[in-house]
Each structure stands twice: as structure tokens, then as C-alpha cells.
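> Fold the stuff below for me.
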Amino acid sequence: MGSHRPSAWWLVIAAFCAVLAAGALIGAIVHQRSQSQPIGEGEVFADDTAAVVSILADAGSDADGVRHARNTLEVEAVSVVDVEGTIVASTSEPFVGATVANPLLGFAASSRRFAALAAATEIPLQIDGVTEWEPGTVLYQVISPIDGTDRAVLIHYDVSQLLERRIQAGEIQPLTIQLLALGLVFGLLAAGVSIGHSQASRRHREMALEAELLRRHSDELEATNAALAEARRSAERALRLAEEKMRIRSEFVLMINHELRTPLTTVVTGAELVRHGNLTQSERDQVLEEIVAHGRRLNEIIDQILAVARIENRGLSYELVEVPLEEVCEVTQAPLRGIAATPDGLGDRRLWVRTDLSTLALVLSSLADNARTHGASHVSLHCSVEPLVEPMIEVGRRPPNSIFFYVQDDGPGIDHHFLPRAFEKFEKKSTSSGTGLGLYMARLMVEALDGSISVQTSPSGTTFQIAVPGVARSMAKETV
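The predicted model follows:
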């Protein structure tokens, strides 16, 4: 907790609010006085003729324009006059084709000047086909040239209505009330800020000593809390590390107990049968085949554990080079026991892959073996320049220009609840065989190749998608 001396800026704000209050009051007075004065006729005529010219410019025709202008301004008639004084368009039909009879108005039309006068009409004035003003009626008539043309605007006003427009109400205007209210608000704000600043200054002096004591206690508590927080973080890190080590150790022991004991028991039992059992030659051969198969399985498990340990301790030994896709397909087929690698969607292009062939082949081989281990009877491999599946989960970083390799099988699929942990170390379903290292090792190798690995699975099979950097080269460039 601390106490700060009130800033002098609050006094500046109070003064500024007072100035605004005074300005609002002065503005209210000036506005009310200006609104109490009648409007000049020239201002009315100038505003109306400018509005008619703007409407005529936006309208599709003069007839539409004068009709829109009369309805907007609420005048008696709006017409367009040419330089000869002939009315070419008007809201009053009898006017169209007639010539301006008043000499002053006719002179203004021919000389492109402004003129305004009250004069009797010589032609009946109609509104929507109904005669509103008979010939001889005195109307205020205003003629004004249209800039940039040889035409002029002629407007007819009812004299009484024109006088009503010139005289404005003398009561208090809404804007005047708003300005007065604004001035009152700013005045109250200025007073409130001044009073608040005075009270804050007094309170600052009273709390200065208490604030200093509290500051010292706060510093001591902060230092103690920081030390406790660091000790807690260290303990949590140590606990998490210990728990992770215990989990990995427990899972490793369980995996070794299950995965090594089962084939090892088969080997020992088979050896005892061969040694002491009374077996026929065919039974002996079958037992020997099982011993060899389980011995190989033991060897694969041990090799896989050692490979993961070697990768984690020393990393992979690899070199990323650009290799033609055809060569990649040929090399990756070899360890997959006859699986054909078929490139899709290549067209007439020849694509190159930036990868390490042996590591990529090891990844594909590991995924194929993993599929067979988990119940697949058919495994296929193919590659494509476009992604063919929508991944449910993806690890690693997919390159911008990717070549995709797919390992597809017809196995029972991967449980969706287990899928988020599928690429973690020693993670596997409790009922499945294997070490839980196959997909983890595949992830390490794919990430080393600057690629990603993703999976889409269902009860009818699983598809692994491996994305590695691709390089497109034209045939002309390769020939050169």
C-alpha cells in the first residue's frame, strides 16, 4: 500500500473544465441570440437553388430532378430554363415549352444572372395536374444560373410561406439547452476535481508515515513470497521429474516382464521339448520354428530398446540430401518385404525429396512391422504430392512443400482414447503386444528429417502419413 502526492495536473484539469463550462455558457447565449434573428431571403434562395442543382446532377432526367427537388424543398414549382428563356422542364405541366414572360427574369436567364422578385404568374400553376394558382396570382419567383451549363433554375414560392421560413421561433432552442447543460456539467466537474484535490492532499499528509511502514513490510513479505515460490517451483519440478522417472521405470519393467518373458518362456519350453520330449520329426520342426521366431522377436525387442537409447543419448546419424522420388521409392521398398511404393498425382513432373534414405526407409519399415505386430494382414505403401487423409493427430512440423508417404493397413485400428498418447515413450494399450517404442522411435526419426507424422484410424484400418520436404525441378533444368 502506498500514498502519492496529488498531481498538479488535477488542478490543470479543473481549470480546463472551468474554461469549457464558461465556453459552453457563452456558446448557449450566442446561439440563442442568433436563432432569435430572422433569416435573410438571400440565404433561403441560395440554399434552395444549390439544393436543386445538386438534385438535378444526381437525377436521371430533368423531369425527375425537378419533381424530386419540389418535393424535397416543399415549394410551389421548380423549373429548368434555357438561355432563350424557354422552360424545358417543370413540375407544372403548363409551364413546359412556355417562355418566361417577366422581362427581368428573361434577362437574367439570357445573361446568366441571379434575379428574384414577386410577380404575377401569366400561366396557371399546377401540382400533380391540379391547378393550385390561377394566372394573375402573385408568387415570389427566383431564377439562378446552373454553373457549367447554359441553363438556369426557376423556383416559385408562396409569399406567405416564404415569410414563415424567414421568421424563426423565439423560444429557447434545443441546442441552447444542451449547451447550458454541458456548461453545468463542466462546472460541477471543475468544482468536484478542485475539492477532491484538496481532500487528497490532506489525506496524503496524514498517511505518509503509515505508508512508509507498510512499504517496508510489503518489501519483506515480497522477498519471503519470492523465496517460497522459487522453492515451491523447484520442489514441483523435482516431483514431476521423479514421478516421470518412476512411471517410465515402472512401464519399462512391465514391458520387459511381459514382452521378454513371453517369447523367452516359449524358447525355454520349446528347447525342453526338443531335448526331452518324444516328438515326431514334424513336431520337432514346428517347435524349432517357434523357437527361432520367438528368438527373433526377442532380438527385435532388444534392438528396438537399444536403438531408442542410442537415439536419445547420441542422436541420429543422418544427412539430408536431394534425391529423386523414383530412387526414394526403390530404396524404401527393399526393407518392406515386397511392398510396392506407388507414386500418385505426379503427372509429367519429376520430383525430388530432401531426406536421408536409410532413415526414411527405417521409418516406413518400422511402421509396417508395427502394423503386422498389431494384427494387420495387408500393408501397402504409396506416396503422393498432395495430402490424401485428414489427420486425427500430427506430431512434428509439416514442411511447406511436402512429399507424402503413406503406410496403410487393414488392422483393427487404434483406440481414439489412446490416440493422443500413441507417439509417446512406452505408451501402448494394456492388451496389445509390443514395447510401446515403435511409434515413439518413428516420431524421433521423422522429426530429425524435418518432417511430420500423422495418423488416421478406424476399425477397418490405419493410415500413417509421413510428410518430408519436397523439391520440384523442371525437366529442362535437369537436362542442363
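> And the helices in the stretch 351-480 of the chain?
All helices of the stretch 351-480 of the chain, identified by DSSP state H, counting those that start in this stretch, fall at 357-373, 438-448, 475-479.
> if you average pLDDT over the shortest one, what comes out?
The one in question is helix 475-479. For helix 475-479, the mean per-residue pLDDT is 41.
> so where do the strands sit in the stretch 151-300 of the chain?
Per DSSP state E, counting those that start in this stretch, the stretch 151-300 of the chain carries strands over the ranges 152-157.
> lowest confidence element among the helices and strands of this protein?
helix 475-479 (a mean of 41; mean pLDDT, DSSP states H and E).
> Out of the helices of the stretch 351-480 of the chain, the one nearest Arg70 is which?
Closest approach to Arg70 among those (C-beta to C-beta): helix 475-479, 74.2 Å. Heads up, the C-betas are built off the backbone N, CA and C, glycines and all.
> Report the buried residues of the host helix or strand of Ile143.
Element membership of Ile143 [criterion: DSSP states H and E] is strand 138-145. Within strand 138-145, the residues scored as buried using 16 or more other C-beta atoms under 10 Å are 139-145.
> which of the residues you listed lies closest to Val83?
Closest to Val83, out of all of those and judged by C-beta to C-beta, is Pro145, at 9.2 Å.
> Let me see the domain layout of the protein.
41-166, 321-479 (automatic domain parsing).
> In terms of mean pLDDT, which of these ranks lowest?
When I compare the domains of the chain, domain 321-479 is least confident, with a mean of 77.
> Distance from the chain centre to that domain, please.
32 Å (C-alpha atoms, centre = their mean, to the nearest Å).
> do stretch 85-104 as well
That offset, for stretch 85-104, works out to 62 Å (C-alpha atoms, centre = their mean).
> Tell me which of the helices of the stretch 351-480 of the chain approaches Val80 most closely.
Nearest of the helices of the stretch 351-480 of the chain to Val80, taken as C-beta to C-beta: helix 475-479 at 70.3 Å.
> follow-up on the earlier one: nearest to Ile172, out of the helices of the stretch 351-480 of the chain?
Once these are compared by C-beta to C-beta, helix 438-448 is nearest, at 78.9 Å.
> I'd assumed Ala22 was in contact with Leu179.
No - taking contacts as C-beta atoms under 8 Å, Leu179 lies outside contact range of Ala22: 11.4 Å.
> Of the two, which one has the most company?
Leu179 (21 against 14; other C-beta atoms under 10 Å).
> what about the closest residue to that one other than its chain neighbours, neighbour count?
The shortest distance from Leu179 to any non-neighbouring residue, by C-beta to C-beta, 6 or more residues apart in numbering, is to Ala28 (3.6 Å). Ala28 has 21 neighbours, counted by other C-beta under 10 Å.
> most centrally placed residue in this structure?
Geometric centre of the chain, nearest residue: Pro400, 20.8 Å, by C-alpha atoms, centre = their mean.
> Quick check: the gap between it and Leu56.
Distance of Pro400 to Leu56, given as C-beta to C-beta, to the nearest Å: 59 Å.
> Equivalent analysis for Ser402, please.
From Ser402 to Leu56 the distance is 64 Å (C-beta to C-beta).
> Over to Leu239?
According to C-beta to C-beta, Leu239 stands 85 Å off from Leu56.
> These two: who's more crowded?
Under the neighbour definition other C-beta under 10 Å, Leu239 and Leu56 were set side by side, and Leu56 has more, 22 against 10.
> Next SSE downstream of the helix or strand encompassing that one?
Using DSSP H and E, Leu56 maps to helix 41-58. Scanning forward in sequence from helix 41-58 by DSSP H and E, the next helix or strand is helix 62-73.
> Show me how far whichever helix or strand comes after that following helix is from its chain's centre.
Counting by DSSP H and E, the next helix or strand C-terminal to helix 62-73 is strand 77-81. Here strand 77-81 shows a centroid-to-chain-centroid distance of 55 Å under the convention C-alpha atoms, centre = their mean.
> Give the other helices and strands that strand 77-81 contacts.
helix 62-73, strand 87-90, strand 152-157 (3 or more C-beta pairs under 8 Å, 6 or more residues apart in numbering; DSSP states H and E).
> tell me the most buried of the ones you listed?
strand 152-157 (a mean of 24; mean count of other C-beta atoms under 10 Å).
> in its sheet, what does that one sit against?
Strand 152-157 has the following strand partners under DSSP bridges: strand 77-81 (antiparallel), strand 138-145 (antiparallel).
> Tell me the gap between the last one and the middle of its chain.
By that I understand strand 138-145. Mean-position distance between strand 138-145 and its chain equals 60 Å (C-alpha atoms, centre = their mean).
> Contacts made by that strand with the rest, please.
45, 48-49, 76, 81, 100, 102, 105, 108-109, 112-121, 125, 133, 151-159, 162 (C-beta atoms under 8 Å, 6 or more residues apart in numbering).
> filter those to the buried ones?
Members of the contacts of strand 138-145 classed as buried by 16+ other C-beta under 10 Å are 45, 48-49, 76, 81, 100, 102, 105, 108-109, 112, 115-116, 121, 125, 133, 151-158, 162.
> any chance of the strands paired with strand 152-157 in CSV, with distance to Val323 too?
CSV is the format used below for the strands paired with strand 152-157 (distance: least, C-beta to C-beta, whole Å):
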stretch, distance to Val323
strand 77-81, 82
strand 138-145, 83
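> So for Gly270, which of those strands sits nearest?
strand 77-81 (113.5 Å).
> now could you export just the CA positions of that closest one as PDB?
Below are the C-alpha coordinates for strand 77-81, written out as PDB (Å, rounded to 0.1, in the frame of the first residue of the first chain):
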ATOM      1  CA  ALA A  77     -42.900  24.800 -58.600                       C
ATOM      2  CA  VAL A  78     -39.400  24.100 -59.800                       C
ATOM      3  CA  SER A  79     -38.400  24.600 -63.500                       C
ATOM      4  CA  VAL A  80     -35.400  24.400 -65.800                       C
ATOM      5  CA  VAL A  81     -35.000  27.400 -68.200                       C
END
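> Could you figure out how far it is turned away from helix 62-73?
Counting by axes from the mean of the first three to the mean of the last three C-alpha atoms, to 10 degrees, strand 77-81 points 140 degrees away from the direction of helix 62-73.
> for the strands paired with strand 152-157, which one sits closest to Ser365?
strand 77-81 (90.2 Å).
> Tell me which residues are up against the closest one.
Contact partners of strand 77-81, identified using C-beta under 8 Å, 6+ apart, comprise 52, 56, 62, 65-67, 69-70, 87-92, 95, 100, 109, 125, 127, 143, 146, 151-156.
> Stretch 93-103 now?
77, 79, 81, 84-90, 106, 109, 117, 119, 122-126, 129, 141, 143, 154.
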